[in-house]
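Asks: Mind folding the following:
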Amino acid sequence: MTTSTSETPEELIRPESQIRAAALRLGFDACRFTQILDAWPASGRLAEFIAAGRHGELGWMAETAERRAHPRAMWAGARSAIVLGMNYGPDRDPLAILADRDRATISVYAQGDDYHELIKGRLKALAGWLQARFGGELKVFVDTAPLLEKPLAEQAGLGWQGKHTNLASREFGSWLFLGSILTTLDLASDAPEVDHCGSCQACLDICPTKAFTAPYQLDARRCISYLTIEL
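Replies: Numbering: from 1, shown residues only. Below you'll find the predicted structure:
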């Protein structure tokens, strides 16, 4: 995502435009904003997921459910979120490797350096610049606290949660690492993204363990990622 050349000089000096430009300079590929709204539908979906036992042996999800229920449950002072994405899409089609039944595969996200450390460094750099420029308090997150980042990214317009429950972007597909900054600043919200899945269910059909009990419903107990990482 690049800064629009159609922006007027007045728009270019808005905090959101300056923050987005700084994020792109630091190596992020997408940057969107949302105010922390009182309505948070993701909390209901999380409660249903846990009540149905689809979290398997991830007891920590149930233990931190109250903190996950709303961004302000974790930090009452949060007023806005800056949601950032970094593209990790591969140079070649990973499905070609999966077609070779005699060859083991490693998920694309795990083939490089730990993305948590990479994104955390960039987030801290952006946060330092942001605080020096605009003040306010802030906290950075990259899958390191009970913050539901995918619903937050959807609300900020970075993409939508597809039938595979991952974030899907019209520009980057599902190849985005996510990081977030919560801040006490009042930033203007981008428009939320709408669901573009339509009747497509390619992601459900290709899942080798049929881990989706229905569109938008993942059963972790059937998921290869859960079985090979979490247990």
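Asks: wait, doesn't residue 178 sit right on residue 150?
Replies: Yes. Counting by C-beta atoms under 8 Å, residue 150 is a contact partner of residue 178 at 7.1 Å. Yep, even glycine has a C-beta here, placed from its N, CA and C like the rest.
Asks: hey, what's in contact with both of the two?
Replies: residue 167 (C-beta atoms under 8 Å, 6 or more residues apart in numbering).
Asks: just checking, what's the longest helix in this structure?
Replies: helix 115-134 (DSSP state H).
Asks: So what's the gap between that one and the chain middle?
Replies: 16 Å (C-alpha atoms, centre = their mean, to the nearest Å).
Asks: which parts of it are buried?
Replies: 115, 118-120, 122-123, 126-127, 129-130 (16 or more other C-beta atoms under 10 Å).
Asks: before we move on, what about stretch 189-203?
Replies: For stretch 189-203, using 16+ other C-beta under 10 Å, the buried residues are 189-190, 193, 197, 203.
Asks: Next: stretch 173-186.
Replies: So for stretch 173-186, counting by 16+ other C-beta under 10 Å, buried means 175-183, 185.
Asks: Grab the two from those residues that are most spread out in space.
Replies: The most widely separated members of the buried residues of stretch 173-186, counting by C-beta to C-beta, are 175 and 185 (29.2 Å).
Asks: ok, which stretches of the chain are helices?
Replies: Ranges of helices in the chain, per DSSP H, are 9-12, 15-25, 42-51, 59-63, 65-68, 71-74, 94-98, 115-134, 149-155, 202-206, 224-225.
Asks: Least reliable of those by average pLDDT, please.
Replies: Among the helices of the chain, helix 9-12 carries the lowest mean pLDDT, a mean of 59.
Asks: got a list of what residue 84 touches?
Replies: 23, 28, 30-31, 119, 122-123, 126, 178-181.
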